[in-house]
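**Q** here is the input, now give the coordinates:
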Amino acid sequence: MTAEAAFAVGDRVEASVGPVAHGGHMVARVPAGDASVVIFVRHALPGERVVVQITDVAKRFFRGDAVEVLEASPDRVPAPCPLAHPDGCGGCDFQHVSLPAQRDLKAAVVAEQLQRLAGLEVDVRVEEVPGAPDGLHWRSRMQYVGLPGGDYGLRKNHSHEVVAVPECLIAAPDARVVLVGQPPAGDTVTETVRGRSFEVAGDGFWQVHPGAPETLVSSVLELLDPQPGERAMDLYAGVGLFSAFLAEAVTETGSVISVEGDRRASDLAKGNLRDLRQVRTKAGRVDRVLKDLDTMADVVVLDPPREGARKDVVSAVVDLAPRAIAYVACDPAALARDLGYFAERGYRLSTLRAFDLFPMTHHVECVALVERAC
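**A** A predicted model of the protein is given here:
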């Protein structure tokens with residue numbers, strides 16, 4: 001039986017909730033005729049018995065919201081935000097979940113993606129990051145939809161419909177505000193990490209958790225252990241965060257090539273790194289720049305966008321013959337796929353750390369150490 005024949009949008013059905021799935025929802029299977037159908041359920045927890053209202057129908061599955069909890073999980077807590085409910089703001093996935101359980105759910109997703117897509121059995125633990133002890137008031141940059149009268153709004157889940165948000169509880173009190181469709185106020189902002197300043201475009205990428213830059217830099221340096229005189233490469237380098245500290249580690253006897261596809265970010269990186277003579281910045285698509293480089297590398301930082309590095313870039317990185325690669329990933333599925341490509345070329349995952357850089361949401365950041373297989 002197809003999903004269309006089982007239920008329609010708006011229908012309600014009782015369901016026993018199964019495991020967490022990638023994307024901020026749980027998996028429930030409910031009888032439908034002689035078989036069963038899958039519902040991806042938001043606002044639920046594994047082990048709960050809930051009433052699900054169908055919100056979306058596809059050929060092979062449904063999406064739905066838990067609108068009534070019949071048997072609650074011990075990990076369920078009252079959502080701190082009054083808009084974190086079905087038909088409310090879609091910005092947060094896990095406000096109804098205790099913080100330790102949120103991290104357990106994220107760890108389960110990372111482990112499942114690594115097993116399913118890369119064939120890896122990894123014991124994953126998601127680490128708390130300083131700067132958001134209650135999971136709230138951490139986000140340093142907010143993008144809202146402007147509403148009449150100067151109010152702000154955020155979109156519902158899987159919808160263009162906007163919900164007015166008088167106060168977003170994950171926003172830091174001094175969060176920079178950007179409105180959809182409008183240029184940011186100010187051309188650049190200054191961020192500081194380990195006493196070093198970085199100029200970032202007002203609408204450019206920078207980690208939004210206050211503890212993220214230090215956490216990621218520390219993790220990357222600890223895993224790679226770059227040595228004086230080594231050749232380092234920072235791919236998808238942004239404004240040069242990792243490049244700067246790689247350069248300090250390899251000293252002036254080593255070298256760093258910093259590659260970024262966004263021209264504005266690359267120009268800012270050049271200024272941010274101007275005091276480090278061992279750094280060369282290159283603007284251009286990573287795959288194209290790597291094809292034109294006539295060099296090898298000892299260590300590589302790979303920090304691709306959400307879709308991952310993909311096979312061509314992975315192959316080009318392997319051709320550099322690095323002893324170690326630190327892969328910084330914001331999507332566990334993309335990470336797992338790319339680890340599979342590395343495995344095909346003789347490189348293996350040796351260490352994985354995961355960080356809760358996005359409390360109250362399903363997002364998780366990983367840093368993977370990839371090394372040549374023996």
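**Q** for G261, see how far away D65 is.
**A** D65 is 38 Å from G261, where distance means C-beta to C-beta, to the nearest Å. Quick note: C-beta positions are derived from backbone N, CA and C, even for glycine.
**Q** apologies, that question was intended for E214.
**A** For E214, the distance to G261 - C-beta to C-beta - is 25 Å.
**Q** domains for the chain, by residue range?
**A** 3-76, 105-130+186-372, 139-179 (automatic domain parsing).
**Q** most packed of those?
**A** Mean neighbours per residue, mean count of other C-beta atoms under 10 Å, is largest over those for domain 105-130+186-372, with a mean of 19.
**Q** A helix includes V217, no?
**A** Yes - with DSSP: H, G, I helix; E, B strand; the rest coil as the criterion, V217 is part of a helix.
**Q** check contacts around it.
**A** Residues near V217 by C-beta atoms under 8 Å, 6 or more residues apart in numbering: V193, R194, L241, F242, F245.
**Q** what are the boundaries of the helices in the chain?
**A** 3-6, 99-118, 212-224, 241-250, 263-272, 286-292, 310-319, 332-344 (DSSP state H).
**Q** and the last one with helix 310-319, angle?
**A** So that's helix 332-344. When axes from the mean of the first three to the mean of the last three C-alpha atoms, to 10 degrees is applied, the directions of helix 332-344 and helix 310-319 differ by 50 degrees.
**Q** for Q102, the count of nearby residues, please.
**A** Neighbours of Q102 under the rule other C-beta atoms under 10 Å: 25.
**Q** ditto for G181
**A** 7.
**Q** mean pLDDT and distance to G90 for the domains of the chain - can I get that in CSV?
**A** Shown next, in CSV, are the domains of the chain (pLDDT from 0 to 100; distance: least, C-beta to C-beta, whole Å):
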stretch, mean pLDDT, distance to G90
domain 3-76, 93, 9
domain 105-130+186-372, 97, 10
domain 139-179, 94, 3
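**Q** turn these into JSON lines, columns for distance to P86.
**A** Listed next are the domains of the chain as JSON lines, based on distance: least, C-beta to C-beta, whole Å:
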{"stretch": "domain 3-76", "distance to P86": "4"}
{"stretch": "domain 105-130+186-372", "distance to P86": "16"}
{"stretch": "domain 139-179", "distance to P86": "9"}
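**Q** those domains: which one's closest to S98?
**A** Closest approach to S98 among these (C-beta to C-beta): domain 3-76, 5.1 Å.
**Q** from the chain's centre, how far out does the closest one sit?
**A** Domain 3-76 sits 25 Å away from the centroid of its parent chain (C-alpha atoms, centre = their mean, to the nearest Å).
**Q** next up, the contacts around G238.
**A** By C-beta under 8 Å, 6+ apart, the contact set of G238 is G204, F205, W206, E260, D262, A265, A269, D303.
**Q** ok, now A44?
**A** V17, H25, M26, A28, V50, V52, A66, V69.
**Q** go on, S98?
**A** S98 touches D75, R76, V77, counting by C-beta under 8 Å, 6+ apart.
**Q** what of R310?
**A** R310 touches P304, D338, Y341, counting by C-beta under 8 Å, 6+ apart.
**Q** nearest to L154, of the contacts of S98?
**A** V77 (21.5 Å).
**Q** for that closest one, grab the count of nearby residues.
**A** 16.
**Q** so what's the backbone phi/psi at it?
**A** phi -130, psi 160 (degrees, to the nearest 10).
**Q** that one and L70, how far apart?
**A** Relative to L70, V77 is positioned 18 Å away (C-beta to C-beta).
**Q** over to G254?
**A** From G254 to L70 the distance is 61 Å (C-beta to C-beta).
**Q** repeat for Y152
**A** From Y152 to L70 the distance is 35 Å (C-beta to C-beta).
**Q** quick check: bridge partners of R49?
**A** S16, E71 (DSSP bridges).
**Q** is it true that it touches L70?
**A** Yes - at 4.3 Å, R49 counts as touching L70 under the criterion of C-beta atoms under 8 Å.
**Q** could you name every residue contacting both of the two?
**A** Joint contacts of R49 and L70 (C-beta under 8 Å, 6+ apart) are E14.
**Q** dump the residue contacts of A132.
**A** Contacts for A132 (C-beta under 8 Å, 6+ apart) come out as W138, H209, P210, G211, P359.
**Q** swap the cut-off to 10 Å and go again
**A** 99, 138-139, 170, 172, 209-211, 356-360 (C-beta atoms under 10 Å, 6 or more residues apart in numbering).
**Q** now swap in R49 and tell me
**A** E14, A15, S16, V17, A28, A66, E68, V69, L70, E71, A72, S73.
**Q** try it again with 8 Å
**A** Here R49 is in contact with E14, A15, S16, V17, V69, L70, E71 (C-beta under 8 Å, 6+ apart).
**Q** and the fifth one, how far from P80?
**A** Using C-beta to C-beta, V69 is found at 17 Å from P80.
**Q** same check on the third one?
**A** When distances are taken as C-beta to C-beta, S16 and P80 turn out to be 27 Å apart.
**Q** can you give me the strands for the stretch 151-300 of the chain?
**A** Here the stretch 151-300 of the chain has its strands, by DSSP state E, counting those that start in this stretch, at 152-155, 162-164, 171-179, 188-193, 196-201, 231-235, 255-260, 279-283, 299-302.
**Q** between the contacts of R49, which sits nearest C366?
**A** Nearest to C366 out of the contacts of R49 is V17 (C-beta to C-beta; 25.5 Å).
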